[in-house]
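Colleague: return atomic coordinates for the entry below.
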Amino acid sequence: MPDYSRRGLLAAGAAGGLIAATGAANAEPFVAKPGDGGFARSSNALPPGDKVVHHAASDIEAMPDFHFSLDSGRPKVTSGGWAKEATESNFPISKGIAGVHMYLDAGASRELHWHAIAAEWAFILEGKCQAMVIDPSGQREVANFGPGDVWFFPKGHGHSIQTIGDKPCHFILSFDNGGFSEHGTFSITDWVSLTPKDMLAENFGIPAAFFDKMPTGETYIMAGPILPESKAKQFLLPPAQTHKFALMDLAPRIDTSGGSLRLATQKEFPMSKTMSGGVMTLKPGGIREMHWHPNANEWHYYLSGQAEVALFGSGGRGKVKTFIPGDVAYIPAGYGHAIRNVGNEDVEIVLTFDSGDFQEISLSDWMAASPNYLLANNFGVSDDAFDKFPKASPHIHRQA
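Modeller: Residues are numbered from 1 along each chain as shown. The predicted model follows:
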């Protein structure tokens with residue numbers, strides 16, 4: 001047997017190196033021992049090992065579950081509506097982004113509040129509402145929102161939401177911190193109810209008895225009189241400063257026979273500095289091809305249809321899950337993934353990223369940019385096997 005000790009390898013290197021082992025067709029793959037291959041500049045070839053790597057479960061952590069049924073959760077209900085959430089607490093993989101489905105009854109308002117650890121991105125599903133936001137300079141904006149609109153409130157900015165008209169309003173919220181919870185919101189009624197009344201009287205310059213009428217806890221979403229559309233006046237800031245964006249008026253970033261993607265990044269929506277978000281539609285048979293995002297985690301809320309998501313997590317780890325309306329998916333930054341419609345109706349997905357700068361790399365693009373001889377060596381097939389592979393990627397496509 002060859003001497004693969006450190007001394008033996010150095011001696012073999014001085015003698016001209018190891019001879020590549022061709023062996024018989026049925027020869028067992030070489031099994032390496034500690035120190036095999038040499039050291040530093042005195043490194044050497046070894047006989048061939050296994051054709052593929054076998055990953056031991058002990059070498060890498062288990063693939064996390066990336067599926068969660070948000071709408072199967074217990075809602076937090078108060079007098080004017082409800083909210084359900086998916087956070088790192090009940091969805092452990094979701095470390096970078098938390099999500100909420102919120103429903104406001106007609107006449108209800110989500111009270112004045114702020115979020116200390118996360119910015120907020122929202123997509124309106126149905127109904128109309130008015131949001132008021134104030135920034136640290138004291139500048140305010142009052143904006144009216146309808147289906148397809150988006151808002152973005154930076155971390156710590158005070159805001160409130162009130163329904164407009166006689167119909168309820170509900171929306172999907174994303175936050176750029178998986179540890180955020182709607183149960184940890186800084187709400188004005190909570191604050192006032194916990195502050196001594198004499199201090200409140202001094203703060204606002206009114207009699208302490210006034211605060212006897214105040215709620216004794218957090219109202220969260222409070223029932224109230226209907227705000228007619230005619231009284232819902234707006235005060236919008238200029239485009240570079242506004243917290244409102246009409247997402248569904250935006251031309252699709254991708255638009256093919258397989259589906260479409262509308263996406264608002266910081267470029268289109270300057271206020272949205274720490275998040276990007278949009279809506280993707282996959283037609284029956286459509287696929288969002290294999291890709292990854294180098295700089296951001298990705299969060300999905302499924303509105304319609306039935307989709308299959310295949311997630312690749314390195315180290316021999318991969319999972320495939322099916323998603324239906326009300327489900328949430330979480331794709332960690334850098335994880336490869338693909339999404340395909342496996343039903344008979346359109347799949348609609350609200351998706352967000354915890355970066356205002358959207359980046360992606362497509363596997364089809366990468367392979368198209370690589371020489372055939374490199375791919376042939378990579379996969380162990382002939383050069384011409386890749387002649388039929390696409391030379392330009394549509395990113396969303398459909399089987400012919």
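Colleague: for the spatially closest residue to residue 292 that is not a sequence neighbour, give me its contacts.
Modeller: Spatially, and ignoring its direct neighbours in sequence, residue 292 is nearest to residue 336 (4.8 Å; C-beta to C-beta, 6 or more residues apart in numbering). Every C-beta, even on glycine, is put in place using the N, C-alpha and C of the backbone. Contact analysis of residue 336 by C-beta atoms under 8 Å, 6 or more residues apart in numbering lists 290, 291, 292, 311, 312, 363.
Colleague: could you list the buried residues of whichever strand or helix holds the fourth one?
Modeller: Residue 311 is part of strand 307-314, with elements assigned from DSSP states H and E. Within strand 307-314, the residues that qualify as buried by neighbour count (16 or more other C-beta atoms under 10 Å) are 307, 308, 309, 311, 312, 313.
Colleague: could you pull out the helices for the stretch 1-150 of the chain?
Modeller: Taking DSSP state H, counting those that start in this stretch, the helices of the stretch 1-150 of the chain run over residues 6-14.
Colleague: got the domain boundaries for this protein?
Modeller: 1-51, 73-245, 249-398 (automatic domain parsing).
Colleague: would you mind putting those domains into JSON lines with mean pLDDT and distance to residue 57 alongside?
Modeller: As requested, the domains of the chain are arranged in JSON lines below (pLDDT from 0 to 100; distance: least, C-beta to C-beta, whole Å):
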{"stretch": "domain 1-51", "mean pLDDT": "68", "distance to residue 57": "17"}
{"stretch": "domain 73-245", "mean pLDDT": "97", "distance to residue 57": "18"}
{"stretch": "domain 249-398", "mean pLDDT": "96", "distance to residue 57": "9"}
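Colleague: so which of these gets nearest residue 58?
Modeller: Of all those, it is domain 249-398 that lies closest to residue 58, at 11.3 Å by C-beta to C-beta.
Colleague: roughly how far out does the closest one sit from the chain middle?
Modeller: Centroid separation between domain 249-398 and its chain, computed with C-alpha atoms, centre = their mean, to the nearest Å, is 12 Å.
Colleague: what about the closest residue to residue 217 other than its chain neighbours, how many residues nearby?
Modeller: Residue nearest to residue 217 in three dimensions, not counting chain neighbours: residue 193, with 5.6 Å by C-beta to C-beta, 6+ apart. Close neighbours of residue 193, defined as other C-beta atoms under 10 Å, add up to 16.
Colleague: equivalent analysis for the one 3 residues further on, please.
Modeller: Neighbouring residues of residue 196 were enumerated by other C-beta under 10 Å; the total is 10.
Colleague: just residue 54 next, same as before
Modeller: 7.
Colleague: swap in residue 183?
Modeller: By other C-beta under 10 Å, the burial measure for residue 183, its neighbour count, is 12.
Colleague: give the contact list for it.
Modeller: Residue 183 neighbours (C-beta under 8 Å, 6+ apart): 76, 85.
Colleague: tell me if it really is in a helix.
Modeller: Yes: counting by DSSP: H, G, I helix; E, B strand; the rest coil, residue 183 is found in a helix.
Colleague: any chance of CSV for the buried residues of strand 307-314, columns distance to residue 209?
Modeller: Formatted as CSV, the buried residues of strand 307-314 follow (distance: C-beta to C-beta, whole Å):
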residue, distance to residue 209
307, 57
308, 62
309, 58
311, 59
312, 64
313, 61
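Colleague: helix, strand, or coil at residue 356?
Modeller: Applying three-state DSSP: residue 356 is coil.
Colleague: quick one: contacts for it?
Modeller: 265, 266, 272, 273, 274, 275, 276.
Colleague: and the gap between the closest residue to it other than its chain neighbours and residue 174?
Modeller: Of all residues beyond its chain neighbours, the one nearest residue 356 is residue 266 (3.3 Å), with distances taken as C-beta to C-beta, 6+ apart. Applying C-beta to C-beta, to the nearest Å, the value for residue 266 to residue 174 is 15 Å.
Colleague: now do residue 48
Modeller: From residue 48 to residue 174 the distance is 49 Å (C-beta to C-beta).
Colleague: which one of these two is surrounded by more residues?
Modeller: More crowded of residue 48 and residue 174, by other C-beta under 10 Å: residue 174, with 26 against 13.
Colleague: give the contact list for that one.
Modeller: So residue 174 contacts 97, 98, 99, 100, 120, 121, 122, 275, 277, 299, 352 (C-beta under 8 Å, 6+ apart).
Colleague: what do you get if the cut-off is 10 Å, keeping everything else the same?
Modeller: Residues near residue 174 by C-beta atoms under 10 Å, 6 or more residues apart in numbering: 86, 97-100, 118-123, 152, 180, 275, 277, 299, 301, 350-354.
Colleague: is it bridged to anything, and to what?
Modeller: residue 99, residue 121 (DSSP bridges).
Colleague: look up how far residue 276 lies from it.
Modeller: From residue 174 to residue 276 the distance is 10 Å (C-beta to C-beta).
Colleague: if I look at those two, which residues touch both of them?
Modeller: 121, 152, 351, 352, 353, 354.
Colleague: what subset of the residues you listed is buried?
Modeller: 121, 152, 351, 352, 353, 354.
Colleague: widest-spaced pair of those?
Modeller: Among these, 152 and 351 lie farthest apart (C-beta to C-beta), at 14.8 Å.
Colleague: nearest to residue 369 among the shared contacts of residue 174 and residue 276?
Modeller: Using C-beta to C-beta, the shared contacts of residue 174 and residue 276 come closest to residue 369 at residue 353, 23.9 Å.
Colleague: wait, doesn't the closest one sit right on residue 332?
Modeller: No: Residue 353 is beyond contact range of residue 332, at 11.7 Å (criterion: C-beta atoms under 10 Å).
Colleague: thanks a lot, see you next time.
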